[in-house]
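*Asks:* fold the following and give me the result.
(2 chains)
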There are 2 protein chains.
Amino acid sequence: RRVFEILNFKCEFVDDLAPTMLRRKECRQGAKAIIERNLELAIERGQIPPTTDIRRAAIGLFSYIDGLIINWSMEPDSYSLAEQAGALIDIFIDGLRQRVTSYSE
Amino acid sequence: RRVFEILNFKCEFVDDLAPTMLRRKECRQGAKAIIERNLELAIERGQIPPTTDIRRAAIGLFSYIDGLIINWSMEPDSYSLAEQAGALIDIFIDGLRQRVTSYSE
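*Replies:* Residues are numbered from 1 along each chain as shown, chains lettered A, B, ... in the order given. Down below sits the predicted model:
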(Lines give C-alpha, C1' and ligand atoms only; values in the text may rest on other atoms or scores of the structure.)
Protein backbone atom coordinates (compact mmCIF):
# COMPACT_ATOMS: atom_id res chain seq x y z
CA ARG A 1 0.00 0.00 0.00
CA ARG A 2 2.70 2.45 1.04
CA VAL A 3 4.82 1.54 -1.95
CA PHE A 4 2.28 2.53 -4.52
CA GLU A 5 1.44 5.73 -2.66
CA ILE A 6 5.08 6.76 -2.73
CA LEU A 7 5.48 5.78 -6.37
CA ASN A 8 2.50 7.87 -7.31
CA PHE A 9 3.62 10.85 -5.34
CA LYS A 10 7.02 10.69 -6.95
CA CYS A 11 5.57 10.53 -10.42
CA GLU A 12 3.22 13.40 -9.68
CA PHE A 13 6.01 15.58 -8.40
CA VAL A 14 8.12 14.93 -11.48
CA ASP A 15 4.98 15.56 -13.53
CA ASP A 16 4.49 19.00 -11.98
CA LEU A 17 8.09 19.96 -12.59
CA ALA A 18 8.24 18.71 -16.16
CA PRO A 19 8.24 21.49 -18.71
CA THR A 20 6.26 19.86 -21.49
CA MET A 21 2.64 18.79 -21.75
CA LEU A 22 3.70 15.56 -23.48
CA ARG A 23 5.79 14.53 -20.48
CA ARG A 24 2.88 15.51 -18.28
CA LYS A 25 0.41 13.40 -20.22
CA GLU A 26 2.75 10.37 -20.29
CA CYS A 27 3.35 10.63 -16.59
CA ARG A 28 -0.39 10.96 -15.85
CA GLN A 29 -1.17 7.87 -17.90
CA GLY A 30 1.68 5.96 -16.28
CA ALA A 31 0.57 6.96 -12.80
CA LYS A 32 -3.03 5.90 -13.48
CA ALA A 33 -1.85 2.50 -14.78
CA ILE A 34 0.29 2.01 -11.66
CA ILE A 35 -2.65 2.90 -9.40
CA GLU A 36 -4.96 0.46 -11.22
CA ARG A 37 -2.41 -2.38 -11.02
CA ASN A 38 -1.89 -1.76 -7.31
CA LEU A 39 -5.61 -1.63 -6.61
CA GLU A 40 -5.87 -5.04 -8.30
CA LEU A 41 -3.04 -6.28 -6.08
CA ALA A 42 -4.79 -4.84 -3.00
CA ILE A 43 -7.92 -6.82 -3.92
CA GLU A 44 -5.87 -10.02 -4.37
CA ARG A 45 -4.37 -9.46 -0.91
CA GLY A 46 -7.76 -8.82 0.68
CA GLN A 47 -6.81 -5.24 1.63
CA ILE A 48 -9.80 -3.78 -0.18
CA PRO A 49 -13.07 -5.53 -1.08
CA PRO A 50 -13.24 -7.59 -4.31
CA THR A 51 -16.32 -5.58 -5.25
CA THR A 52 -14.23 -2.40 -5.53
CA ASP A 53 -14.82 -0.53 -8.79
CA ILE A 54 -11.14 -0.30 -9.77
CA ARG A 55 -11.57 2.25 -12.54
CA ARG A 56 -13.59 4.58 -10.31
CA ALA A 57 -11.22 4.12 -7.37
CA ALA A 58 -8.22 4.85 -9.62
CA ILE A 59 -9.83 8.04 -10.95
CA GLY A 60 -10.55 9.06 -7.37
CA LEU A 61 -7.12 8.29 -5.93
CA PHE A 62 -5.27 9.86 -8.85
CA SER A 63 -7.41 13.02 -8.64
CA TYR A 64 -7.00 13.15 -4.87
CA ILE A 65 -3.19 12.97 -4.98
CA ASP A 66 -3.14 15.52 -7.81
CA GLY A 67 -5.48 17.85 -5.89
CA LEU A 68 -3.44 17.56 -2.69
CA ILE A 69 -0.24 18.54 -4.47
CA ILE A 70 -1.86 21.37 -6.45
CA ASN A 71 -3.57 22.83 -3.38
CA TRP A 72 -0.51 22.53 -1.22
CA SER A 73 1.63 24.19 -3.92
CA MET A 74 -0.74 27.19 -3.84
CA GLU A 75 -0.36 27.59 -0.07
CA PRO A 76 2.89 25.81 0.83
CA ASP A 77 3.27 27.71 4.10
CA SER A 78 -0.16 26.80 5.50
CA TYR A 79 0.72 23.16 6.22
CA SER A 80 3.38 20.52 5.60
CA LEU A 81 2.32 18.17 2.83
CA ALA A 82 5.14 15.79 3.78
CA GLU A 83 3.76 15.52 7.33
CA GLN A 84 0.07 15.37 6.36
CA ALA A 85 0.20 13.25 3.20
CA GLY A 86 0.08 9.86 4.91
CA ALA A 87 -2.94 10.69 7.07
CA LEU A 88 -4.68 12.43 4.17
CA ILE A 89 -4.25 9.45 1.85
CA ASP A 90 -5.37 7.12 4.65
CA ILE A 91 -8.81 8.80 4.67
CA PHE A 92 -9.29 7.73 1.06
CA ILE A 93 -7.86 4.23 1.55
CA ASP A 94 -10.08 3.78 4.63
CA GLY A 95 -13.05 4.65 2.41
CA LEU A 96 -12.07 1.86 0.00
CA ARG A 97 -11.36 -0.58 2.83
CA GLN A 98 -14.44 0.11 4.90
CA ARG A 99 -16.44 -2.84 3.59
CA VAL A 100 -13.61 -5.35 4.15
CA THR A 101 -14.72 -6.06 7.72
CA SER A 102 -18.33 -6.75 6.87
CA TYR A 103 -17.21 -8.77 3.84
CA SER A 104 -14.95 -11.09 5.82
CA GLU A 105 -17.40 -11.46 8.70
CA ARG B 1 -24.01 15.97 3.53
CA ARG B 2 -25.28 16.23 -0.02
CA VAL B 3 -25.95 19.93 0.40
CA PHE B 4 -22.39 20.83 1.18
CA GLU B 5 -21.05 18.62 -1.57
CA ILE B 6 -23.19 20.42 -4.11
CA LEU B 7 -22.30 23.83 -2.68
CA ASN B 8 -18.64 23.03 -2.96
CA PHE B 9 -18.90 21.70 -6.46
CA LYS B 10 -20.74 24.81 -7.55
CA CYS B 11 -18.16 27.08 -6.04
CA GLU B 12 -15.35 25.09 -7.59
CA PHE B 13 -16.88 25.24 -11.02
CA VAL B 14 -17.31 29.02 -10.79
CA ASP B 15 -13.75 29.12 -9.50
CA ASP B 16 -12.43 27.32 -12.56
CA LEU B 17 -14.28 29.62 -14.92
CA ALA B 18 -13.35 32.84 -13.15
CA PRO B 19 -10.75 34.87 -15.05
CA THR B 20 -8.83 36.39 -12.14
CA MET B 21 -6.61 34.88 -9.48
CA LEU B 22 -8.21 37.13 -6.86
CA ARG B 23 -11.65 35.67 -7.54
CA ARG B 24 -10.05 32.26 -7.48
CA LYS B 25 -8.42 32.82 -4.12
CA GLU B 26 -11.61 34.24 -2.59
CA CYS B 27 -13.62 31.30 -3.84
CA ARG B 28 -11.04 28.80 -2.56
CA GLN B 29 -11.09 30.36 0.90
CA GLY B 30 -14.89 30.50 0.90
CA ALA B 31 -15.16 26.87 -0.17
CA LYS B 32 -12.74 25.73 2.54
CA ALA B 33 -14.70 27.65 5.19
CA ILE B 34 -17.96 26.05 3.98
CA ILE B 35 -16.37 22.58 4.11
CA GLU B 36 -15.07 23.14 7.65
CA ARG B 37 -18.45 24.41 8.89
CA ASN B 38 -20.21 21.43 7.36
CA LEU B 39 -17.74 18.95 8.81
CA GLU B 40 -18.49 20.50 12.23
CA LEU B 41 -22.20 20.05 11.54
CA ALA B 42 -21.60 16.44 10.47
CA ILE B 43 -19.86 15.79 13.80
CA GLU B 44 -22.77 17.39 15.73
CA ARG B 45 -25.16 15.12 13.85
CA GLY B 46 -23.08 12.03 14.53
CA GLN B 47 -22.43 11.46 10.81
CA ILE B 48 -18.67 11.43 11.29
CA PRO B 49 -16.73 10.69 14.49
CA PRO B 50 -16.15 13.52 17.00
CA THR B 51 -12.45 12.69 16.88
CA THR B 52 -12.26 13.77 13.22
CA ASP B 53 -9.41 16.18 12.53
CA ILE B 54 -11.54 18.86 10.84
CA ARG B 55 -8.70 20.89 9.38
CA ARG B 56 -7.07 17.81 7.87
CA ALA B 57 -10.39 16.49 6.57
CA ALA B 58 -11.19 19.88 5.02
CA ILE B 59 -7.81 20.04 3.28
CA GLY B 60 -8.42 16.53 1.97
CA LEU B 61 -11.98 17.04 0.78
CA PHE B 62 -11.21 20.38 -0.83
CA SER B 63 -8.16 18.95 -2.61
CA TYR B 64 -10.12 15.88 -3.70
CA ILE B 65 -12.96 17.89 -5.26
CA ASP B 66 -10.44 20.21 -6.90
CA GLY B 67 -8.44 17.26 -8.24
CA LEU B 68 -11.55 15.51 -9.59
CA ILE B 69 -12.60 18.62 -11.53
CA ILE B 70 -9.09 19.35 -12.83
CA ASN B 71 -8.51 15.76 -13.95
CA TRP B 72 -11.89 15.44 -15.53
CA SER B 73 -11.40 18.75 -17.37
CA MET B 74 -8.20 17.33 -18.91
CA GLU B 75 -10.00 14.23 -20.21
CA PRO B 76 -13.70 15.17 -20.34
CA ASP B 77 -14.53 12.42 -22.84
CA SER B 78 -13.10 9.56 -20.79
CA TYR B 79 -15.90 9.57 -18.16
CA SER B 80 -18.89 11.59 -16.99
CA LEU B 81 -18.02 13.59 -13.89
CA ALA B 82 -21.71 14.31 -13.32
CA GLU B 83 -22.45 10.56 -13.18
CA GLN B 84 -19.36 9.56 -11.17
CA ALA B 85 -19.07 12.49 -8.74
CA GLY B 86 -21.47 11.15 -6.10
CA ALA B 87 -19.82 7.73 -5.88
CA LEU B 88 -16.33 9.27 -5.98
CA ILE B 89 -17.08 11.67 -3.13
CA ASP B 90 -18.70 8.82 -1.16
CA ILE B 91 -15.34 6.98 -1.06
CA PHE B 92 -13.86 9.92 0.83
CA ILE B 93 -16.90 10.44 3.10
CA ASP B 94 -16.88 6.69 3.89
CA GLY B 95 -13.26 7.07 4.95
CA LEU B 96 -14.26 9.80 7.40
CA ARG B 97 -17.29 7.86 8.61
CA GLN B 98 -15.63 4.50 9.00
CA ARG B 99 -15.02 4.81 12.74
CA VAL B 100 -18.62 5.86 13.47
CA THR B 101 -19.73 2.26 13.91
CA SER B 102 -17.03 1.32 16.40
CA TYR B 103 -17.55 4.66 18.19
CA SER B 104 -21.27 4.14 18.73
CA GLU B 105 -20.89 0.50 19.68
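*Asks:* CA only for contacts and neighbour counts going forward, please
*Replies:* Will do.
*Asks:* how much space separates the most centrally placed residue in chain A from residue A:68?
*Replies:* Among the residues of chain A, the one closest to the centroid is residue A:61, at 4.0 Å (Cα atoms, centre = their mean). Per Cα to Cα, to the nearest Å, residue A:61 is found 10 Å from residue A:68.
*Asks:* can you pull out the helices in chain A?
*Replies:* A:2-17, A:21-44, A:54-74, A:81-97, A:100-104 (DSSP state H).
*Asks:* mean pLDDT lowest where, among these?
*Replies:* Of all the helices of chain A, mean pLDDT reaches its minimum on helix A:100-104 (a mean of 43).
*Asks:* residues in chain A within reach of chain B, list them.
*Replies:* Proximity of chain A to chain B is confined to A:56-57, A:59-60, A:63-68, A:70-71, A:84, A:88, A:90-96, A:98 under the rule Cα under 8 Å from any Cα of the partner chain.
*Asks:* go again using 6 Å as the cut-off
*Replies:* Residues of chain A lying close to chain B (Cα under 6 Å from any Cα of the partner chain) are A:60, A:63-64, A:66-68, A:88, A:91-92, A:94-95.
*Asks:* which one of those is nearest to residue B:79?
*Replies:* Among the residues of chain A next to chain B, residue A:60 lies closest to residue B:79 (Cα to Cα), at 12.1 Å.
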